[in-house]
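Engineer: I would like the atomic coordinates for the input below:
(2 chains)
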Amino acid sequence: MSAADCLLEMETAHDGALILRLRGDWTVERALPASEPLRLAIAGAHGVRFDGSAIEAWDSLLIVFLRRVAALAHSHGMNVDTSGLPRGAQRLLALSSAVPEQPGAPREDGQQTALARLGASVISGMEGLHVLLTFIGEMVLAVGRLAQGQARFRRADFLLILQQCSAQALPIVSLISFLVGMILAYVGAVQLKQFGAQIFVANLVGLGMAREMGAMMTAIIMAGRTGAAFAAQLGTMTVGEEIDALRTSGFSPMDFLVLPRMLALVLMVPLLCLYADLLGILGGAVVAITSFDISFSQYHDQTIAALELRQFGLGLLKAAVFGVLVAIAGCLRGMQCGRSAAAVGDAATSAVVTGIVWIIVADALLTILYDVLGW
Amino acid sequence: MTVGNVVHVEVSGLTMAYDGRVVQRDLDFTIGRGDIFVIMGGSGCGKSTLLRHLVGLQQPTAGDIRYNGASFLQGSPEQRASLLRRFGVMYQQGALWSSMTLAENVALALEQYTTLSPAEIRELASLKLALVGLAGFEDYYPSEISGGMQKRAGLARAMALDPEILFFDEPSAGLDPISSRRLDELILELRESLGATIVIVTHELPSIFSIGTNGIFMDAERKTIIARGNPSRLLAECEDPKVREFLTRGQHR
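Structural biologist: This is a model prediction of the structure:
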């Protein structure tokens, strides 16, 4: 069928009513007739009638046209007589103009003054701080219950989390810490060589890894890996009302979900950190031996001389603190996750960002503290 | 409107499986043009899976699905695409795209498949929303409206291209009885005025009896269709204890 675009003829009946004769195809592949002539014709008429007997095909586009006509007619205080139209079209028109049960309220405008936005962001910042402090307070209470042996969580859950954030993290921790050790060695050795003191690269790598880089790199890996996973797990549980179900069954989500995760990280991040320290020193040794003419035994002796066990202890203390921070960031973002699936992604992203920021800030504070205490 | 005279959908020997585990085997049935076809059965018998096969989201292990005589599974990608254009699917939770307003949800397919002007598309989208009782909600995001409204908005989106056939997955799930009945009336009205074929997966008995013109009853144990026909007539005549139990809410075995 090759009917032309929505054909419309207008004529005025002797009672002064406008008769709209519709012909051809009124489907969405076509174009609607211009509305200007229609507006003029309706403005001068005493009522509107239709003759749809020559319509060959129609769909929603016809209804759109009819709604336009009806709106124009109503604005001139006229009603339209739809009896000349296909029955289905009449019914759809009636259905579409039925009063909705809940008329949509006009949406508030998104425009705000700069001051209002500043105020809103300060308020939301204060609320965020309040939520954080509440969360930390609840967690301290949960740790207290744990110390008294009253906290309830499932052993199997704990062991699974322990495995996820220890053994399964080994490959990536190995790679990163080995490479960081190598990088430290290169950066240091090139400078030290100018003084013929390249043997001190062992001190640099050893101290750097043990006191600083081992803990920090491990913590950042764990923030990206485990912190995000915690946020996603708890966020999904929030969306699926699993956390509400725990609450109404008399379990504290803090004890049941947050405590095992925090324990796992506090135990495992120092272990991973120790492993990272050793691999980093190994990476430094590889560079020193292959590129800077230092023998293995020289490097070994120099490292032993430079490092006391205390240095490792200081790094492990940092690692434990970072473990707590990663756990708090991950669990906090997961627990305050919104109720939609999209919120889970936001929670995971936010957990990583929060975790890394906290790690770096805490690292700076701890480094200053160590210096002040002369450790 | 004549019901069931012209065959619209023809399913033959359809076998569906998940990971080699057969859900239903050798399904044979036809859906007539203008039918309101109800897919019935207990939970877990594969009703929603059958719907997913009918709209091409899953591939059967055996059998064929024909629309207007043309195979949906063996056709070229172009044929498939042109068939898909005439489908409307309403998902259980509405499945609205969360980053778009209701009007944009409805308009997306119109922008893709028609050459209408943005103003006309907007008018069409408003029309579809008005048809499901959501006039004035064009600029709302899905998260800002209730679950029942999301479902109706999902129906508006399903109707965007005036489909020949509309699929509903559990349209009444999670709706109160009044909203559920309104939705049934809306479905009836749409079939009357648009002449579309309707395929519904549901176990809502009131709507099965009030709108269903034809249907099948699947069983999870026997893994096939155990009864077929008009639901009211099934209630009156079907001898199968399982079907009777289902249609009478377990009151008569």
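
Engineer: which elements pack onto the helix or strand hosting residue A:215?
Structural biologist: Using DSSP states H and E, residue A:215 maps to helix A:214-222. Counting contacts by 3 or more CB pairs under 8 Å, 6 or more residues apart in numbering or on different chains; DSSP states H and E, helix A:214-222 is packed against helix A:170-193, helix A:259-291, helix A:309-335, helix A:341-373. Quick note: C-beta positions are derived from backbone N, CA and C, even for glycine.

Engineer: got a list of what the residue nearest to the spatial centre of chain B touches?
Structural biologist: By CA atoms, centre = their mean, chain B has its centre lying nearest to residue B:167, at 1.9 Å. Contact analysis of residue B:167 by CB atoms under 8 Å, 6 or more residues apart in numbering or on different chains lists B:51, B:54, B:55, B:87, B:88, B:89, B:90, B:158, B:199, B:200.

Engineer: confirm that it sits in a strand.
Structural biologist: Yes. Looking at residue B:167 with DSSP: H, G, I helix; E, B strand; the rest coil, it is inside a strand.

Engineer: so what sits opposite it in the bridge?
Structural biologist: When assigned by DSSP bridges, residue B:167 has beta-bridge partners residue B:89, residue B:199.

Engineer: can you list the domains in chain A?
Structural biologist: Using automatic domain parsing, the domain ranges for chain A come out as A:7-96, A:153-373.

Engineer: quick check, residue B:59 in contact with residue B:73.
Structural biologist: Yes. At 7.3 Å, residue B:59 and residue B:73 qualify as touching, with contact defined as CB atoms under 8 Å.

Engineer: where does pLDDT dip in chain B?
Structural biologist: B:1-4, B:252-253 (pLDDT under 70).

Engineer: quick one: the helices in chain B?
Structural biologist: B:47-54, B:77-85, B:102-113, B:118-131, B:147-158, B:177-194, B:205-211, B:231-237, B:241-247 (DSSP state H).

Engineer: can I get the helices and strands packed on helix A:214-222 in TSV with mean neighbour count, distance to chain B and mean pLDDT?
Structural biologist: Below are the helices and strands packed on helix A:214-222 laid out as TSV (neighbours: other CB atoms under 10 Å in any protein chain shown; distance: least, CB to the nearest CB, whole Å; pLDDT from 0 to 100):
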stretch	mean neighbour count	distance to chain B	mean pLDDT
helix A:170-193	18	30	93
helix A:259-291	22	29	93
helix A:309-335	23	19	93
helix A:341-373	17	6	93
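
Engineer: reformat those helices as JSON lines; add distance to residue A:70.
Structural biologist: Below are the helices and strands packed on helix A:214-222 laid out as JSON lines (distance: least, CB to CB, whole Å):
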{"stretch": "helix A:170-193", "distance to residue A:70": "66"}
{"stretch": "helix A:259-291", "distance to residue A:70": "61"}
{"stretch": "helix A:309-335", "distance to residue A:70": "52"}
{"stretch": "helix A:341-373", "distance to residue A:70": "39"}
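
Engineer: residue B:184 is nearest to which of the ones you listed?
Structural biologist: Of all the helices and strands packed on helix A:214-222, it is helix A:341-373 that lies closest to residue B:184, at 29.1 Å by CB to CB.

Engineer: interface residues of chain B facing chain A?
Structural biologist: Proximity of chain B to chain A, by CB under 8 Å from any CB of the partner chain, involves residues B:98, B:110, B:114-116, B:120, B:123-124, B:127-128, B:130-131, B:133-140, B:143, B:149, B:159, B:161-162, B:186, B:189, B:192-195.

Engineer: among those, the buried ones, what's the PyMOL command?
Structural biologist: Filtering the residues of chain B next to chain A down to the buried ones (16 or more other CB atoms under 10 Å in any protein chain shown) takes a single PyMOL command:
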select buried, chain B and resi 110+114+116+120+123+124+127+128+130+131+133+134+135+136+137+138+140+149+159+161+162+186+189+193+194
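
Engineer: could you measure from the residue in chain B that chain A sits nearest to over to residue A:205?
Structural biologist: Residue nearest to chain A within chain B: residue B:136 (3.0 Å; CB to the nearest CB). According to CB to CB, to the nearest Å, residue B:136 stands 68 Å off from residue A:205.

Engineer: same question for residue B:55.
Structural biologist: When residue B:55 is compared with residue A:205 (using CB to CB), they lie 61 Å apart.

Engineer: about what we covered before: more neighbours: residue B:59 and residue B:73, which one.
Structural biologist: residue B:73 (14 against 10; other CB atoms under 10 Å in any protein chain shown).
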